[in-house]
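>>> Model the structure of this input:
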Amino acid sequence: MPKGSKRQSLYHGIIIVDKPSGMTSQDVVTVVRKAAGTRRVGHTGTLDPLATGLLLLMLGEATKLSEYLVGYDKTYEGTMHLGARSDTYDVEGRVEETDIDELPGIDALNEMAQDFTGEIEQIPPPYSAVKIKGKKLYEYARKGETVEAEPRPVRVDEYTLLGQEQNKATFRVRCSSGTYVRSLVHDLGAEAGCGALVEELRRTEIGDFNISEAISLEEVRESKAETFGSLVTPMVDVIPEWPVFHINQNGALWIRRGQAIPVGMCELDGESRSPGIGDLAFLCPLGKDAMAVVKTVPAPPGNPPAELKRFTGLWLQPLKLLSPEDLS
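Take a look at the predicted model:
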């Protein structure tokens, strides 16, 4: 099949990968594309090549769920090198040792780290993909041009120094999506007056996803056609907090036409919570994966067909169709 093929994916869901160091997130996408036999693979947020850990890869129809997955909070653990600075804020840049007689201890570092928790304004690092006047910051940096990015609001729920041995300190950060951990480390080093940069970084949580659920990239590479599907989490399980409704063939036909249907035509999954007005939910044909993302509304939008008017209660308005009719 030629490059750029739009062929139909046999797999729809996500793969939870433990990214190794030294690879870009796009490198991981390439590996999964080859294993899955499709180009319909994307990720929900990048990791720097230096970093390891959780990367969520969406396959097939699950790529349509990306907007619901990119905003999850993240947890990172890592090691910072104290007494040094870098233009990239990590060990992969031009590193310069600072001239300081005594490094601050862990108690002092933890006290200073609290200044970078809560709702804060953060300046992205010079080597980042943030765009200024149509160009990414790292494009300016590689040309030796200095461009100051505007501070951006982020939320840091935890910034804890876990241990220290000479000029190395381990740490944990829990933060909102879009937070640059490299900047947190750099800024802490600046406040401490000694400089600091990231030496190791590992993403351990994305929302409710934990590193313990992840598979190695080697497992993906070694998978066969008959085993690859076992690595894929179905779409209906990708966002576990959403309610799940089971729908019959008649209801599915209405949804595929873009018609809202009453909740009374569906059956709420036994393990799902009852939805409120405005909640998002999955619609699943019985025994099959999700076929649509719907939103609960108090009344039908527009004038419903006569055969649906007899129903009362909430309605399910289709937002995204997730699958062809034969998806199982």
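
>>> So the nearest residue to R33 once chain neighbours are set aside versus M23, what's the distance?
Once flanking residues are discounted, R33 sits nearest to V41: 4.8 Å by CB to CB, 6 or more residues apart in numbering. (Glycine included, C-beta is placed from N, CA and C.) Applying CB to CB, to the nearest Å, the value for V41 to M23 is 15 Å.

>>> Who has more neighbours out of those two?
Neighbour count, other CB atoms under 10 Å: between V41 and M23, V41 has more, with 23 against 17.

>>> what about the stretch 101-250 of the chain, any weak spots by pLDDT?
Applying pLDDT under 70 to the stretch 101-250 of the chain flags residues 127-130, 132-138, 140-141, 143-145.

>>> Just the terminal-to-terminal distance for stretch 11-27.
20 Å (CA to CA, to the nearest Å).

>>> avg pLDDT for that stretch?
When pLDDT is averaged along stretch 11-27, the result is 94.

>>> D279: what's it in contact with?
Residues in contact with D279 (CB atoms under 8 Å, 6 or more residues apart in numbering) are 242-243, 295-296.

>>> switch to 7 Å and redo it
By CB atoms under 7 Å, 6 or more residues apart in numbering, D279 lies in contact with 243, 296.

>>> separation between it and T52?
Distance of D279 to T52, computed by CB to CB: 35 Å.

>>> now swap in I14 and tell me
Note on I14: its distance to T52, by CB to CB, is 19 Å.

>>> ok, now L188?
21 Å.

>>> So for these two, which sits in the more crowded spot?
Using other CB under 10 Å as the criterion, L188 and T52 rank with L188 on top: 25 against 21.

>>> Can you tell me the SS state at the more buried one?
Following DSSP: H, G, I helix; E, B strand; the rest coil, L188 is assigned to helix.

>>> got it, and E61?
In three-state terms, and counting by three-state DSSP, E61 is helix.

>>> Helix, strand, or coil at I120?
I120 falls in the strand class when you classify it by three-state DSSP.

>>> Please apply the same query to V156.
Quick answer, by three-state DSSP: V156 is strand.

>>> Is it correct that it is in contact with Y180?
No: using CB atoms under 7 Å, V156 makes no contact with Y180, being 10.7 Å away.
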